[in-house]
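Asks: Quick one, structure for this:
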Amino acid sequence: FLSCDMVSPWYVGRFGNHNDYQYFIGLMNDDVKLCNEKKVAYMPVLFSGFGWATWNPGQINQAPRLAGKFLWEQAREVKKAGCSNMYFAMFDEYDEGTAISG
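Replies: Predicted structure coming up:
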């Protein structure tokens, strides 16, 4: 990946609560450090929450939105890690419960 101009890990659905998110923060901080050393841009993907129940008989609030707290906690940590870029997913994924439009 060091031959790339930018790395953008897709973490959507990889964690769904504060404890699992702590693992992501550790990975992100390590990634940011390596990318900075190698002059590769880093743009993590943030998501607002998740739940299959709007599309199929899946779990309701599998990754609860917590009235926006789940998303903004990610944004705060990304900024704290020193990232100058972040990608907010997904604008229109109502079927997966990840839509950020309201």
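Asks: Pretty sure A41 sits against V7.
Replies: Yes - judged on CB atoms under 8 Å, A41 makes contact with V7 at a distance of 7.3 Å. C-betas here are computed from N, CA, C, even on glycine.
Asks: Where do the helices of the protein begin and end?
Replies: Using DSSP state H, the helices of the chain run over residues 18-38, 69-80.
Asks: Is the one residue sitting closest to the centre of the chain bridged to anything, and to what?
Replies: Residue closest to the mean C-alpha point of the chain, counted by CA atoms, centre = their mean, is L46 at 2.6 Å. Note on L46: beta-bridge partners by DSSP bridges are F88.
Asks: measure it to Q74 for me?
Replies: Separation of L46 from Q74 (CB to CB, to the nearest Å): 4 Å.
Asks: How about N61: what's its closest non-neighbour residue?
Replies: Closest residue to N61 apart from its sequence neighbours, by CB to CB, 6 or more residues apart in numbering: G51 at 5.0 Å.
Asks: Return the distance of that neighbour relative to S3.
Replies: 37 Å.
Asks: which residues of the chain score low on pLDDT?
Replies: Counting by pLDDT under 70, the ranges of the chain that qualify are 54, 93-99, 101-102.
Asks: Could you find the closest non-adjacent residue to V78?
Replies: The shortest distance from V78 to any non-neighbouring residue, by CB to CB, 6+ apart, is to M86 (4.8 Å).
Asks: State the distance from the one you found to D5.
Replies: With the distance defined as CB to CB, M86 ends up 16 Å from D5.
Asks: Looking at these two, which is more packed in?
Replies: Ranked by neighbour count (other CB atoms under 10 Å), M86 and D5 place M86 first, with 16 against 7.
Asks: so that one makes contact with R76?
Replies: No - taking contacts as CB under 8 Å, M86 lies outside contact range of R76: 10.7 Å.
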